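Asks: Output the structure for:
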Amino acid sequence: MAGDKVKVPAISLMVVCGIGIFFSLLSIVLNIVGVGAGSYEMMNEYSSVNMSQYMASGVSSIISNVFLIIYQGIIAYGALQMMNMRSHGLCMAAAIMAIIPCLTPCCILGTPFGIWALVVLMDDQVKPYFR
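Replies: Below you'll find the predicted structure:
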């Protein structure tokens, strides 16, 4: 019964993290290729942005996306542990991480699924089944 309670929020968090990781990887590829947001070719000749500012913007975007991939990976791993009923502390941490807006993949979905996972993990009928 406890396994059934945690299964749906865990799968939901994994799906949301998968979507977020996909878009972060896509953003990295687009920045490397040079067609990401703020592409140098798309700027007009009257722009005051020089090449070094453009490159710094691309590098910072890649670094932030790598951070987001790691962050989302931790949430996905915690959701996987939740589905397997292991490591209650890690599962709680992953659920709390999913609640933080603007860092979670698909903010609109990450926050409610994180709250749902946290409520399920705090249920007294579920806690004893974690190893």
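Asks: In this protein, where is pLDDT below threshold?
Replies: 2, 36-56, 104-106 (pLDDT under 70).
Asks: Let me see the ranges of the helices in it.
Replies: 2-33, 51-83, 88-99, 107-121 (DSSP state H).
Asks: what's the angle from the longest one to helix 88-99?
Replies: On the basis of axes from the mean of the first three to the mean of the last three C-alpha atoms, to 10 degrees, helix 51-83 is oriented at 140 degrees to helix 88-99.
Asks: Okay, buried residues for helix 51-83 please.
Replies: For helix 51-83, the neighbour count (16 or more other C-beta atoms under 10 Å) marks 54, 57-58, 61-62, 65, 68-69, 71-72, 74-83 as buried. C-beta: built from backbone N, CA, C; applies to glycine.
Asks: what does the last one give?
Replies: Residues of helix 107-121 classed as buried by neighbour count (16+ other C-beta under 10 Å): 109-111, 113-114, 116-118, 120-121.
Asks: quick one, that helix and helix 88-99 angle?
Replies: Using the same axes, to 10 degrees, the inter-axis angle of helix 107-121 relative to helix 88-99 is 150 degrees.
Asks: which other helices and strands contact helix 107-121?
Replies: Applying 3 or more C-beta pairs under 8 Å, 6 or more residues apart in numbering; DSSP states H and E, one finds that helix 107-121 contacts helix 2-33, helix 51-83, helix 88-99.
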